[in-house]
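>>> Let me see the structure of the following:
(one chain, ligands or ions: 2)
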Amino acid sequence: MSGTQYSDTITDMAPEPVGARRVVVLISGSGSNLQALIDAQSHDRLGGEIVAVISNEPDAYGLKRAHEAGIEAVVLPHREYDSRDAYDGALIKVIERHEPDLIVLAGFMRILTPRFVQRFLGRMLNIHPSLLPSYQGLNTHARALADKVASHGCSVHFVTEELDGGPVVLQAELAVSIDDTQDTLKDKVHAREHLIYPIAVQWFLEGRLQYSAEGAKMDGHLLPAHGMRLSHEDAAEELDENVDD
Ligand SMILES: Nc1nc2c(c(=O)[nH]1)N[C@@H](CN(C=O)c1ccc(C(=O)N[C@@H](CCC(=O)O)C(=O)O)cc1)CN2
Ligand SMILES: NCC(=O)N[C@@H]1O[C@H](COP(=O)([O-])[O-])[C@@H](O)[C@H]1O
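Residues are numbered from 1 along each chain as shown. Ligands and ions are numbered 1, 2, ... in the order given. Predicted coordinates:
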């Protein structure tokens, strides 16, 4: 995916990579993680092409982000379906039309049925705003603050039938400050999500990261239960960006 490009001669035009790996992103809201993936792709740091963005919420700002990036943006409102299974059946059909190598949940706020998970098991990732297995589910920042935890963070994991229970791939940990609020903590976690998600997606698309029933594997080696822990500095270096803390 790129903007309009002009070149003097046909030889100047970079050939489209044969068999570029295809990514479909599912969203429900702002899409800041989608934007991080779009930005990584524009810097050739994703390892593939986002071919479609699908939202269950018609007013998701992430749809605007997709449109502005020239990516097909599809709205599939869950409220128009009689059951979770009916919705997931329709979602499977829309996704399969794009023939993805990887499905990325980026703030997608629907619990997926076993039928859906089994259809895409092993090629579906999610970003979760906690250091799994702590704080599965919703409202993670409020719960972490209520517990007065010293550290918090985010996790990329494979999606399985168990909600937020799939094999963890990559985590970023951060210190919780005494004066942190839900908003300040959310912002700190978001910054780290935007660094680690593109890294994990690139690893998968390059064939280095794989799912197995025993856990996530990196270059054929089984990862520990909490996946790999990336420091903020390491993640920033990996993405070759200047990052303000
Ligand atoms: N089967 C799975 N489905 C999903 C997983 C998963 O690991 N397995 N990850 C979640 C993402 N997620 C947290 O990271 C999450 C999303 C949504 C919910 C939830 O309770 N959703 C409610 C509706 C909530 C709302 O609309 O605000 C629901 O679906 O009824 C929990 C966790 C994505 N799906
Ligand atoms: N349980 C799922 C969940 O809470 N996911 C969280 O939703 C936010 C989406 O932000 P975004 O739309 O700006 O990417 C992200 O912080 C992500 O971790």
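>>> got a list of what residue 116 touches?
Residue 116 is in contact with 88, 91-92, counting by CB atoms under 8 Å, 6 or more residues apart in numbering. Quick note: C-beta positions are derived from backbone N, CA and C, even for glycine.
>>> ignore the last one, residue 174
Taking CB under 8 Å, 6+ apart as the test, what residue 174 contacts is 151-153, 188-189, 192, 232.
>>> so who does residue 53 touch?
Listed by CB under 8 Å, 6+ apart, the contact partners of residue 53 are 24-27, 31, 34, 62-63, 65-66, 71-74.
>>> Make a markdown table from those and add pLDDT, distance to ligand 1 and secondary structure to it.
Listed next are these as a markdown table, based on pLDDT from 0 to 100; distance: CB to the nearest ligand atom, whole Å; DSSP: H, G, I helix; E, B strand; the rest coil:
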| residue | pLDDT | distance to ligand 1 | secondary structure |
| --- | --- | --- | --- |
| 24 | 98 | 14 | strand |
| 25 | 99 | 13 | strand |
| 26 | 98 | 8 | strand |
| 27 | 98 | 11 | strand |
| 31 | 98 | 15 | coil |
| 34 | 98 | 14 | helix |
| 62 | 98 | 15 | helix |
| 63 | 98 | 17 | helix |
| 65 | 98 | 19 | helix |
| 66 | 98 | 19 | helix |
| 71 | 98 | 21 | coil |
| 72 | 98 | 21 | strand |
| 73 | 98 | 19 | strand |
| 74 | 98 | 18 | strand |
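>>> Quick one, which of those are buried?
For these, a burial check counting by 16 or more other CB atoms under 10 Å picks out 24-27, 31, 34, 62-63, 65-66, 71, 73-74.
>>> just to revisit the earlier point, can you tell me which of the contacts of residue 53 comes closest to residue 136?
Ranking the contacts of residue 53 by separation from residue 136, with CB to CB as the measure, puts residue 26 on top at 18.6 Å.
>>> what pairs with the closest one across the strands?
Beta-bridge partners recorded for residue 26 (DSSP bridges): residue 54, residue 105.
>>> Let me know the pLDDT of the one residue in the chain that gets nearest to ligand 2.
The nearest approach of the chain to ligand 2 comes at residue 107, 2.6 Å away (CB to the nearest ligand atom). Looking at residue 107, its pLDDT stands at 98.
>>> Now do the same contact list for the closest residue to residue 176 other than its chain neighbours.
The spatial neighbour of residue 176 that comes closest, neighbours along the chain excluded (CB to CB, 6 or more residues apart in numbering), is residue 152 at 5.2 Å. Residues in contact with residue 152, defined by CB under 8 Å, 6+ apart, are 130-131, 140-141, 144, 173-174, 176, 185, 188-189.
>>> Tell me the strands beside the helix or strand hosting residue 152, with direction?
In this assignment (DSSP states H and E), residue 152 forms part of strand 151-158. Strand pairing for strand 151-158, determined by DSSP bridges: strand 124-128 (antiparallel), strand 168-175 (antiparallel).
>>> got a list of what the closest residue to residue 65 other than its chain neighbours touches?
Spatially, and ignoring its direct neighbours in sequence, residue 65 is nearest to residue 31 (4.7 Å; CB to CB, 6+ apart). Residues in contact with residue 31 (CB under 8 Å, 6+ apart) are 53, 60-66, 106-107.
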